[in-house]
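A.B. asks: fold the following for me, if possible:
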Amino acid sequence: MNRLIVLLTVFTLLIAGCRPASSSPTTDPAILTSTTFLADIARNVAGDRLRVESLLPIGADPHSYQPTPQDAARIADSRLLIVNGAEYEHFIETLLENAGGERMVVTASEGIEARHREEHAAEAEAGEGHAHEAGDPHMWLDPNLVVTYVENIRDGLVAFDPEGEAVYRSNAEAYIAELQSLDAWIVEQVAQVPPERRLLVTNHEALGYFAERYGFTIAGTVVESFSSGASPSAGQMADLIGQIKSNGAPAIFLDASDNESLARQIAAETGVNVVTDLHLESLTDGAPAATYIDMMKHNVTLIVEALK
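C.D. replies: Model prediction:
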């Protein structure tokens, strides 16, 4: 009987040793990302070789997210953490301190020059939310910049798991090709909008990189900040109403998590439409934004339909 157990044990170990590493995902949460869209991008690079999870749940807005003790525990259990950077995850430093231990941290936006507002006074006056002194963190809303995300994540995974280098490089190359196709598709869609109508009014300053890439003008924001957690003054609201009446912007675009009340007040004064179902900060559980590429296509479709 003992001999049978030994033989079975040896046989099991031999079988396990013959399995290719890429076909057996890890069972522990080895890779943790700050957001859902970063998790999707990372999964496209990791394939089935590593398990990737998002710290923030679907629908959460990182600008206003309040971390929990469970979040610190999940970071403590992680071996590699992927963040956006540019002070987007204002809560991460505290979580890392509380989690203790050691882990690799990959900043997906590393190497991308951040946009900066000409004036920071509005953020200081608002008194709420995070000012993003590092600049505009919303680089992922330009798929061309996400190529840099993919390259940084690829290099981080190779450093973390050198044996998987060929897998990560192949996956990254394939996903970059998908991002390039997405960019070409967006260019085609935007071409339906007359140049004089390519005016974007948003809740907060989230679409700057998108606007620069695809030829839009940021015609105004409800909140003069890179953070959705700030609040406008009465004077800023009056200024925005005047801007919209002057420039003729057709719509105000909101993320699905944004409070609509201020935009509705402005719409009542200006007669513009309010588009409320963009997904800029988080994926959705299924359609319409189950993946990063789905999210971008959904947003572009709404923007084009409202402006053309």
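
A.B. asks: packing partners for the longest helix belonging to the chain?
C.D. replies: As assigned by DSSP state H, the longest helix anywhere in the chain is helix 165-190. Judged by 3 or more Cβ pairs under 8 Å, 6 or more residues apart in numbering; DSSP states H and E, helix 165-190 is in contact with helix 36-46, helix 143-160, helix 208-214, helix 292-307. Heads up, the C-betas are built off the backbone N, CA and C, glycines and all.

A.B. asks: report the contact partners of the spatially most central residue of the chain.
C.D. replies: In the chain, the C-alpha nearest the mean C-alpha coordinate belongs to residue 37, at 4.7 Å (Cα atoms, centre = their mean). Residue 37 makes contact with 140, 281-283, 292, 295, according to Cβ atoms under 8 Å, 6 or more residues apart in numbering.

A.B. asks: confirm that residue 82 sits in a strand.
C.D. replies: Yes. Membership of residue 82 in a strand is supported by DSSP: H, G, I helix; E, B strand; the rest coil.

A.B. asks: beta partners of it?
C.D. replies: Residues in a beta bridge with residue 82, per DSSP bridges, are residue 33, residue 106.

A.B. asks: what's the helix or strand for the closest residue to residue 247 other than its chain neighbours?
C.D. replies: Excluding its sequence neighbours, the residue lying closest to residue 247 (Cβ to Cβ, 6 or more residues apart in numbering) is residue 219, at 4.9 Å. In the assignment (DSSP states H and E), residue 219 maps to strand 217-221.

A.B. asks: return the most buried member of the helices and strands packed on helix 165-190.
C.D. replies: helix 36-46 (a mean of 25; mean count of other Cβ atoms under 10 Å).

A.B. asks: packing partners for the helix or strand following it?
C.D. replies: Beyond helix 36-46 on the C-terminal side, the first helix or strand identified by DSSP H and E is strand 52-54. Counting contacts by 3+ Cβ pairs under 8 Å, 6+ apart, strand 52-54 is packed against strand 31-33, helix 36-46.

A.B. asks: quick one: mean pLDDT for the shortest one?
C.D. replies: Strand 31-33 comes out with an average pLDDT of 97.

A.B. asks: now do that strand: which elements does it pack against?
C.D. replies: helix 36-46, strand 52-54, strand 80-83.

A.B. asks: which residues does the second one contact?
C.D. replies: Outside of strand 52-54, the residues within contact range by Cβ under 8 Å, 6+ apart are 29, 31-36, 38-39, 42-43, 46, 74.

A.B. asks: now the helix or strand following it, how far from the chain's geometric center?
C.D. replies: Sequence-wise, the next helix or strand downstream of strand 52-54 (DSSP H and E) is helix 69-77. Taking Cα atoms, centre = their mean, to the nearest Å, one finds the center of helix 69-77 at 21 Å from the center of the full chain.
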